[in-house]
Structure formats: C-alpha cells, structure tokens
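> Turn this into a structure:
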Amino acid sequence: MPRETLIDFFNDLSNKQGEFIVYDDGYRGWTYTYRDVVVSAKAFSLKLRAENFKKGDKVIFWSENRAEWVITFWGCLLAGVVVVPIDYQASSDFLLRVQQIVKARLILIGEEVSPASIEKGIPVWRLRDIEWAIDSTSDNHDKMIDHTYESKISETQSSEAVNKITRDDIAEIIFTSGATAEPKGVVITHRNILANIIPIEHEALKFRKYLRPFSPIRFLNLPPLSHLFGQATAIFVTPMLSGTVVFMRGYNPHEIVKQIHKRRISVLVCVPKMLDVLRSYIVRIEPSLTKLPYKKRHIALRWLKHWKIHRLFGLKFWSIVVGAAPLDPELEEFWSSLGFIVIQGYGLTETAPIVSFNNPLDTQKGSVGKAIQGVDVMLAPDGEILVRGEIVTPGYYHATAETAEAFEDGWFHTGDIGAFDKEGRLYIRGRKKEMIVTPEGLNVFPEDVERVLNAIPGVVESAVVGVRIGGEERIHAVIVLDSSKLGRQYVADPNEVMRLANLQLESHQKVRGVTIWPGEKLPRTEGTQKLKRLEIKEWIEKERLPSEAPTYDDTIESLIAKIAGYRPSKPGMTIEELGLSSLERVELLIELEEKFQTRIDELAFAEARNVGDIRSLIERSSSEPVIEPVEFPSWNRHWIVRMIRRLSLATWILPLCRLFASIRVGGLKEIESLDGPVIFAAIHRSHMDTPVMFSALPPRFRYNLAPAMSKEFFKAHFFPKEHKWWQWFVKSLQYYLVTFFFNAFPLPQREAGARQALRYIGEMVDDGFSILIFPEGGRSDSDEIKPFQPGVALIASRLKLPVVPVLLEGTERVLPRNWKTARPGRIRVVFGPPLRLEGDDYQSLTKNVEEAIRQLK
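A predicted model of the protein is given here:
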C-alpha cells in the first residue's frame with residue numbers, strides 16, 4: 001500500500017515485533033519495543049489534543065537523544081503538530097529566538113538542559129515527567145500498558161486531525177543558522193521525508209538476505225536527533241530493517257566501544273569527529289596501528305589481520321555509517337584497513353537529508369555514492385552540485401528572499417563542488433558556499449560570527465573562513481584593527497578579540513584562530529563590495545599557517561592548545577573561550593590522562609571552568625592515591641554458573657538454612673504485583689541474613705537475586721600486598737564462594753568506586769537481577785537499627801528501581817556475630833510496601849526507607 005504521509009509509515013510500526021529502542025542513561029539500559037513506542041506516541045498525541053493543540057501548532061524539542069524524543073516526535077505528527085528540534089547544546093538565547101519566530105506553544109526538554117533559563121510563560125514539559133501509556137520503570141512493558149487507554153486510542157484513529165494531514169503539510173522545521181543573526185529555518189514536509197526514505201527502503205530490502213547473519217541489526221546512533229542525519233538512521237532506517245537503535249549519553253570512546261560490544265551493535269552511526277576520537281582511542285590501545293598502511297585487499301583478509309580489534313568491538317560489529325560532514329580520506333582508510341565497511345553518504349538539511357549514499361557491498365573510497373531513486377543531481381558549469389526532486393525543501397520558514405536565492409529553475413543550489421566518475425558515483429571536491437561545516441556536522445555561517453567580531457571595539461572589519469587543519473575544517477577569523485583608535489577601551493590583542501567573541505558565540509561557532517590582515521582593508525569585489533573569501537583563505541593557508549603541525553611539549557597548557565586548534569591558552573582562559581566542542585573535551589580528557597598517567601574524575605572535569613581549574617584537577621589527581629578499579633565479577637552470570645547456583649540453592653544451601661532457621665514470612669502480598677528487578681533493603685544482624693532472604697523470597701526473585709557485600713570486608717582479597725598470604729587466601733576463598741553460590745558482588749564505600757559500582761548494578765538489573773542491600777553498612781551488635789547510609793537512595797533514584805523494605809528478626813540468635821556454627825531458632829521476615837524514591841535529596845529519601853522498616857516491627 002503506497003504511503004501518502006508519514007502517518008502511514010508510523011502505522012507500519014504497529015505490525016513490528018521486538019525491541020525498537022534501547023536508551024542507556026549511563027547507569028542502566030531502558031528497552032522499548034515497537035509496540036511500546038506506538039502506544040505511547042498515540043497517548044502523547046491524545047495528550048496534545050486534550051491541551052487544545054491544533055494542526056500546525058509548533059513544539060520545540062530541546063533534549064539529548066532518548067526514547068521519549070522518538071515517542072513525542074511521532075505523537076506530534078499524529079496530532080498534526082510541527083516538530084521544531086534544537087540541539088541540546090544550543091544556548092537558551094538561541095532557543096528563545098527560535099520560539100519567537102515559530103511561536104511555539106510548548107517546549108519539550110531532556111535531562112541535560114536547564115528549564116531555569118527559559119522565560120516564564122512558555123509551557124515546558126520535561127520528557128521524563130510525561131505520563132506515558134507504559135511504565136518505563138518496568139522491564140515488562142507489555143504488562144504495564146493501560147489497555148483501556150489503548151482502546152481509547154484506537155477509537156481516535158479516524159480523528160479529524162489525522163484525516164486532514166497531507167503530503168505537503170509541514171512535519172518539522174530545522175534551524176541551521178546561529179544566534180547572532182536571525183535564525184533560518186528549513187521547512188521539511190511529509191513529502192520530503194517520504195521521498196527520502198522510500199528509495200532507501202527499497203534498497204535496504206535488497207540487502208536483507210546479506211544481513212541475516214547479523215540479525216537483529218542494531219544501530220548505535222550517536223548524532224543528535226535534532227540533526228536530520230540522526231533522525232534518518234534512528235527513526236526511519238532502523239524500522240525498515242526491523243532493527244534496534246541504541247542511544248547513549250556522552251561520547252567517551254571507552255564507553256562507545258563498551259556499548260558496541262555489550263549491546264552487540266552491528267552498525268555505528270556517527271559524524272567524522274566522533275570517528276577520529278575513536279581512532280585515537282584505538283591507537284592508544286594498539287600503538288602499532290599508528291602508521292597503518294592501506295592495502296586494497298579483500299575485506300576478509302583485513303578482518304583476519306586485525307581480529308583483535310574486532311574482538312574488542314565484538315564480532316557482530318561490521319559497519320560504520322558516516323555523515324553530516326566531510327570524511328577525511330586518511331580516516332576512511334584507517335577504518336577500512338581494519339576490515340570495517342565505511343559507508344558515506346551525501347545530503348543536506350534542505351534535502352531531508354539524503355541525496356546519495358554508497359552501496360554497502362560496493363563502497364568506493366572517497367565517494368559519497370550514487371543519487372537515490374527519484375532524485376536528479378547535476379553539476380553546474382562551475383562544478384556546483386544542483387539537486388532536484390521531492391526530497392528538496394519547499395523553502396525557508398518565513399524567508400522568501402533566502403528561498404528564491406537558493407533555487408533556480410527548480411534546481412536547489414547546494415553550494416558544494418562535486419564530480420562524477422564513469423559509473424555515476426558522486427565525489428565532493430569542495431565548497432562554493434561560504435558556509436562552514438564543523439567536524440561535528442554543524443553549519444556555521446560566517447556572517448553570524450563576523451557580526452560579533454565587528455562589534456568588538458578596535459575591530460574595523462573581519463572575514464571568517466573555514467581552514468582545514470589536521471583533516472578538519474576550523475573556523476578562522478582575519479581581522480583589521482584600527483591602530484588610530486587603540487586605547488584603554490579598545491582591543492589590540494587578536495587573542496583577546498577571539499576570547500571576547502567566543503564568549504558571545506554558540507558552542508559550534510567558536511573561533512579557533514585569528515590572524516591580523518596586513519593592510520588597512522580586506523579585499524572585496526568591485527561594485528557589490530563582497531568579501532573575497534577565497535583570496536583571504538588562500539592567503540591564510542600560504543602565509544600564516546605552518547605547513548606542518550607544530551610540536552608540543554607535555555605541559556597542560558600545550559596539550560590544551562593542541563586540542564583547541566594550534567593556539568596558546570592562558571590559565572584564566574575559560575573553556576567557553578577556548579571553543580572546545582563536547583567531543584574535543586572528551587579528546588582532551590583522554591590526552592591528559594595518557595600524558596600524566598592518572599585517572600581524572602569525569603564529573604569534576606566537566607565542571608572545570610578554565611585552564612587553571614584543569615591544571616588544579618590534574619595536580620590533585622596526580623597527588624591523590626590511585627584508586628584501583630574494582631574487579632566486579634561477570635563470570636557469575638554465565639549460564640553454567642547460574643544453573644549450578646540454582647541447583648545448589650534448591651538441593652543443599654536452602655535446605656541447610658531451613659534446618660537451623662524456622663522462617664515465618666509476612667507481607668508477601670506486597671511483592672506479588674511487582675514486575676522486574678527491585679531493591680530489597682534489609683537490616684543486617686548476621687551472616688545468616690542472606691541465605692534467609694533467599695529462602696523467604698518467591699522463586700522468581702530467589703533465583704535472580706544479587707546481594708551487595710562490603711568490599712572492605714574482603715580487603716585482603718583486593719589488596720593482597722597489604723596482607724599476609726594466608727589472610728589473602730582465606731578472604732579470596734570466601735569471596736569466590738559467596739560470589740559463586742549467592743551471586744554476591746562487592747560494594748565499595750569510596751565515592752569513586754561507588755560510581756563504578758552503580759554502573760555494575762545497572763548491568764545486573766539489565767540482566768534481570770534484583771538487588772539485596774543492607775543500608776546500615778554493616779552488621780549491628782544490638783537490636784537497634786543503625787542510621788542508614790544514603791547509598792540505597794542513590795541507587796534506587798538513579799536506576800529508577802522500587803525499594804522493598806524488609807524486616808529481619810532472629811537471625812542474630814541463629815548465627816551470632818562471632819559464632820562459627822549456627823543453632824536452631826525462629827526467624828521472622830516481613831516485606832513492606834514498595835517505595836519509589838525520586839530526586840537527589842538522598843539523605844531524606846534514605847530516612848523514608850529507614851522509617852518504613854521501623855514501621856514493620
């Protein structure tokens with residue numbers, strides 16, 4: 001059945017089974033099936049209609065990648081509401097300027113932006129707080145779906161709003177220019193997106209038989225969903241292949257590799273800068289790859305030669321899709337030489353976004369592939385790429401002049417210079433337009449930056465151009481200073497000019513270098529007085545930039561200057577003034593750790609405001625004793641170990657426990673309705689507590705329980721050099737026994753180790769295990785309940801797990817603290833109502849858990 005609008009594409013999702021989205025929030029993964037997304041999107045559509053949203057109303061999306069972004073995207077389209085996505089790293093000032101242009105009625109925000117910076121009077125909904133038709137805290141979403149709500153949704157499918165949506169209705173508006181000029185929005189219709197995805201779907205179906213060994217196809221999608229490239233792969237291509245898309249927070253290369261391996265990722269979707277950072281990380285692991293020769297041999301031979309790298313990523317990982325910015329040929333060669341298929345494409349926001357892409361089984365080095373079906377591409381006499389077809393935007397939002405300038409006789413002028421080979425493959429040779437594309441795939445218009453530069457006292461005029469350094473396009477400014485007016489209120493230092501400008505520019509617009517023009521005026525054309533940017537750019541490259549990258553010593557300032565783009569940095573210079581992107585900050589963190597052989601706290605590094613803060617952080621990290629990473633067990637979750645554990649619990653461990661303990665259990669009805677992993681918080685009196693908990697729990701929790709144990713109790717095991725050999729032997733034996741038979745894991749008390757533990761607990765929860773915690777932090781010598789440690793609230797809040805308070809009485813009489821053997825006795829176990837702990841006031845939340853246990857007495 002032909003698709004008339006994107007609503008038809010959405011309806012196809014209803015027939016798909018399995019996982020659609022996995023969102024890793026840094027602590028655990030949240031899984032959403034196709035049905036979850038469909039039902040929740042319809043629910044959000046109803047919510048919009050209940051709030052009197054009409055067809056054509058605008059909603060701004062200001063959020064990082066997450067499942068709710070996709071859900072609300074479809075919910076808006078179902079209601080006929082126009083989506084206006086904005087990069088979550090954009091400033092609130094830019095957001096408000098866009099809001100004033102489109103008159104948005106609502107702003108949807110994620111976790112990594114602050115609503116405090118948004119003017120009052122504009123409704124703001126935080127995505128995590130929206131009431132969905134499913135409970136995202138449950139691991140079994142199907143059981144949590146409100147079927148009454150679902151039937152209500154079904155009744156509205158023939159609603160007036162849906163029936164009135166046509167192919168030429170606006171689906172979204174993408175703003176591409178900066179905050180210093182009037183933002184320019186690209187209008188994208190249902191027709192544009194359908195014309196883009198239908199040809200890709202036809203091509204994808206041809207390759208399904210080749211993809212079966214990798215099924216289900218899993219994409220790790222790193223580009224922001226505010227970018228059409230990120231949307232295309234995550235929202236549209238993934239369902240075509242009945243695949244799964246994974247979102248993660250941050251760009252740490254170690255975490256990216258870990259996600260690819262753990263989630264069994266097949267395809268990484270990223271921009272060139274991400275791929276470059278990942279290359280640096282791989283080279284540090286395997287230095288022999290520094291000078292990797294490119295040899296055009298069969299991919300299987302390349303794979304075998306570098307099988308260790310493939311084992312690092314996981315054997316299911318085979319391809320990298322790169323877009324949004326030019327890919328450096330050297331970077332493409334590096335990954336191809338390792339035996340990965342690198343797939344490039346070409347597109348623009350104005351083409352929704354794909355114009356051409358490579359055949360995965362017939363990629364050509366340096367090429368962006370052939371034009372997709374239904375798209376006409378030709379070269380103008382000067383080599384400019386012209387595009388025509390239904391993929392092309394109808395124009396810019398409320399910008400008639402800009403729209404007319406971009407089109408000629410139905411052809412869209414891309415501003416890129418290209419060439420075709422004999423087989424019709426397209427190659428990008430350069431740019432005709434003045435627009436600069438950053439390595440992160442973001443567009444920068446020189447005029448926006450020049451307005452800021454020209455407003456600085458002492459600057460007569462400026463020209464901003466893109467200069468390639470290290471295979472990446474950097475923003476470089478050429479300025480003319482008025483020496484006759486230099487004084488106390490004027491700026492004479494070009495670095496000071498750059499500093500002042502960067503304080504006012506968006507993160508992707510930051511100037512990375514400044515050069516003073518030797519004359520009194522910049523070269524301009526006769527008559528129109530347009531800047532001769534090409535001439536200025538050629539002068540910079542020939543006269544002012546070194547032919548080879550300079551060498552750097554190992555000082556902190558020098559390393560920062562290296563990442564910042566070959567420029568000096570001063571202790572007082574802020575991170576904003578340096579102009580480092582989020583990816584470059586990750587690159588700098590890795591570089592500093594490598595050079596100074598120390599581990600830097602990522603949270604503290606993210607909070608560093610200037611070069612001096614970074615220096616202090618390095619010095620503090622170097623002087624503090626190194627906290628060795630905790631060796632968290634993973635072998636105890638292997639299916640063989642789990643089978644032996646289950647058999648042992650049933651045949652001798654729990655029968656032995658019941659031989660000494662007469663257990664009376666109360667409150668089981670409180671946990672009957674619980675689905676998925678939970679936290680059991682119990683008071684701690686004896687080593688008997690853990691086997692008693694296993695015995696008291698129903699089988700569905702009993703055989704999927706992971707007790708937390710104090711790492712400090714097993715100090716001799718973790719730090720053998722500080723203890724005698726027999727102490728190490730005894731504690732190691734105890735450690736492996738409890739880990740094997742009870743699935744226990746060490747919980748460190750120090751904060752650095754605690755964050756690592758939190759991530760490990762998240763992995764346990766992802767695997768379906770509930771957690772047993774003793775919040776007192778140790779065994780009590782009396783009947784009095786000791787003050788609880790806030791760790792239980794931290795874990796419950798971050799992992800969004802319900803906490804079941806548990807009262808244990810009598811275990812201290814069956815196995816007293818210093819006894820080696822148990823004696824028969826009665827034990828009482830009482831389960832309380834589950835608690836939902838939300839927020840970051842962990843002391844107060846912990847008090848709630850403590851009080852709940854006291855009330856069970």
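> which intervals of the stretch 401-550 of the chain have sub-threshold pLDDT?
Where the stretch 401-550 of the chain drops to pLDDT under 70, the residues are 470-471, 483-492, 527-528, 543-550.
> which stretches of it form helices?
446-454, 494-502, 533-539 (DSSP state H, counting those that start in this stretch).
> export the ones you listed to TSV and tack on mean neighbour count?
Glycine gets a C-beta too; all of them are placed from N, C-alpha and C. Listed next are the helices of the stretch 401-550 of the chain as TSV, based on neighbours: other C-beta atoms under 10 Å:
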stretch	mean neighbour count
helix 446-454	21
helix 494-502	21
helix 533-539	16
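> of the ones you listed, which approaches residue 374 most closely?
Ranking the helices of the stretch 401-550 of the chain by their distance to residue 374 (criterion: C-beta to C-beta) puts helix 446-454 first, at 33.4 Å.
> returning to that earlier point: tabulate the helices of the stretch 401-550 of the chain (CSV), appending distance to residue 307.
Formatted as CSV, these follow (distance: least, C-beta to C-beta, whole Å):
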stretch, distance to residue 307
helix 446-454, 46
helix 494-502, 45
helix 533-539, 44
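> In terms of helix, strand or coil, where does residue 376 fall?
strand (DSSP: H, G, I helix; E, B strand; the rest coil).
> ok, and the closest non-adjacent residue to it?
Among residues not flanking residue 376 along the chain, residue 388 sits closest, at 4.3 Å (C-beta to C-beta, 6 or more residues apart in numbering).
> same deal with residue 16?
In space, and not counting its chain neighbours, residue 16 is closest to residue 34: 4.1 Å by C-beta to C-beta, 6+ apart.
> so what pLDDT did that neighbour get?
At residue 34 the predicted local distance difference test score is 94.
> on that earlier part again, can you confirm the residue nearest to residue 376 is in a strand?
Yes - assigned with three-state DSSP, residue 388 falls within a strand.
> these two touch, right, it and residue 374?
No - judged on C-beta atoms under 8 Å, residue 388 makes no contact with residue 374 at a distance of 10.0 Å.
> how about the helices of the stretch 401-550 of the chain, which one is nearest residue 841?
Across those, closest to residue 841 is helix 494-502 (C-beta to C-beta), at 36.7 Å.
> If you count surrounding residues, which of residue 388 and residue 374 has more?
residue 388 (15 against 12; other C-beta atoms under 10 Å).
> What's the separation between residue 52 and residue 79?
Using C-beta to C-beta, to the nearest Å, residue 52 is found at 11 Å from residue 79.
> Settle it for me: which of these two has more neighbours?
Shown here are residue 52 and residue 79; by other C-beta under 10 Å, residue 79 has more neighbours (25 against 8).
> The more buried one: what's it in contact with?
45, 48-49, 53, 55, 161 (C-beta atoms under 8 Å, 6 or more residues apart in numbering).
> any idea how the chain splits into domains?
Domains of the chain are assigned by automatic domain parsing as 1-14+32-165, 445-544, 556-623, 635-854.
> between those, which gets nearest to residue 359?
domain 1-14+32-165 (23.5 Å).
> distance between that closest one and the chain's centre?
The chain centroid and the centroid of domain 1-14+32-165 are separated by 20 Å under C-alpha atoms, centre = their mean, to the nearest Å.
> And for the closest residue in space to residue 436 that isn't next to it in sequence, the neighbour number?
Among residues not flanking residue 436 along the chain, residue 466 sits closest, at 3.8 Å (C-beta to C-beta, 6+ apart). Residues lying near residue 466 (other C-beta under 10 Å) number 21.
> Residue 466 and residue 433 touch, don't they?
No - in this structure, residue 466 is not within contact of residue 433 by C-beta under 8 Å, at 10.4 Å.
> Quick check on residue 283: phi, psi?
phi -60, psi -30 (degrees, to the nearest 10).
> wait, isn't it in contact with residue 277?
No - look at residue 283 against residue 277 with C-beta under 8 Å: they stay out of range, at 11.0 Å.
> When the two are compared, which one has more neighbours?
Taking other C-beta under 10 Å, residue 283 and residue 277 do not tie; residue 277 has more neighbours (21 against 15).
> residue contacts, that one?
Contact partners of residue 277, counting by C-beta under 8 Å, 6+ apart, are 251, 253, 583, 586-587, 590.
> cool, residue 20 as well?
Contacts for residue 20 (C-beta under 8 Å, 6+ apart) come out as 13, 32-34, 36-37, 238-239, 244-245.
> could you measure it against residue 244, distance?
Distance from residue 20 to residue 244, by C-beta to C-beta: 6 Å.
> Can you work out which residues contact both of those two?
Going by C-beta under 8 Å, 6+ apart, residues that sit against residue 20 and also against residue 244 are residue 238.
> Just put the domains of the chain in CSV and tack on distance to residue 216.
Formatted as CSV, the domains of the chain follow (distance: least, C-beta to C-beta, whole Å):
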stretch, distance to residue 216
domain 1-14+32-165, 12
domain 445-544, 34
domain 556-623, 29
domain 635-854, 17
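> closest to residue 301 out of these?
In terms of C-beta to C-beta, the element of those nearest to residue 301 is domain 445-544, at 26.6 Å.
> If you rank every helix and strand of this structure by mean pLDDT, what lands last?
helix 141-144 (a mean of 43; mean pLDDT, DSSP states H and E).
> Give me the neighbour count for residue 39.
Counted with other C-beta under 10 Å, residue 39 comes out at 24.
> Tell me the helix or strand right after the strand or helix carrying it.
When secondary structure is defined by DSSP states H and E, residue 39 falls within helix 34-50. Remark: after helix 34-50, the chain's next helix or strand is strand 58-62, criterion DSSP H and E.
> so after that following strand, what's the next helix or strand?
helix 67-78.
> so the very next helix or strand once past that next one versus strand 58-62, what angle?
Sequence-wise, the next helix or strand downstream of helix 67-78 (DSSP H and E) is strand 82-86. Strand 82-86 and strand 58-62 are oriented at 30 degrees to each other (axes from the mean of the first three to the mean of the last three C-alpha atoms, to 10 degrees).
> which residue ranges form the helices in the stretch 101-250 of the chain?
Going by DSSP H, counting those that start in this stretch, the stretch 101-250 of the chain shows helices at 141-144, 147-155, 160-163, 190-206, 208-211, 228-231, 238-240.
> typed the wrong thing, it's the stretch 601-750 of the chain
602-607, 611-623, 639-648, 654-660, 669-672, 689-696, 699-702, 715-718, 725-742.
> Reformat those helices as TSV; add mean pLDDT and mean neighbour count.
Output for the helices of the stretch 601-750 of the chain, formatted as TSV (pLDDT from 0 to 100; neighbours: other C-beta atoms under 10 Å):
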stretch	mean pLDDT	mean neighbour count
helix 602-607	70	14
helix 611-623	72	16
helix 639-648	93	13
helix 654-660	90	15
helix 669-672	89	14
helix 689-696	92	23
helix 699-702	92	15
helix 715-718	78	19
helix 725-742	88	16
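> Can you say which of those helices is nearest to residue 476?
Closest to residue 476 of these, according to C-beta to C-beta: helix 611-623, at 21.3 Å.
> and the helices of the stretch 601-750 of the chain as a markdown table, adding distance to residue 578?
As requested, the helices of the stretch 601-750 of the chain are exported to a markdown table (distance: least, C-beta to C-beta, whole Å):
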| stretch | distance to residue 578 |
| --- | --- |
| helix 602-607 | 14 |
| helix 611-623 | 8 |
| helix 639-648 | 49 |
| helix 654-660 | 60 |
| helix 669-672 | 53 |
| helix 689-696 | 51 |
| helix 699-702 | 51 |
| helix 715-718 | 39 |
| helix 725-742 | 46 |
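> Identify whichever of those lies nearest to residue 442.
helix 602-607 (20.3 Å).
> give me the number of residues near residue 635?
Neighbour count of residue 635, defined by other C-beta under 10 Å: 10.
> Isn't it up against residue 641?
Yes - the criterion here is C-beta under 8 Å, and residue 635 meets it with residue 641 at 6.5 Å.
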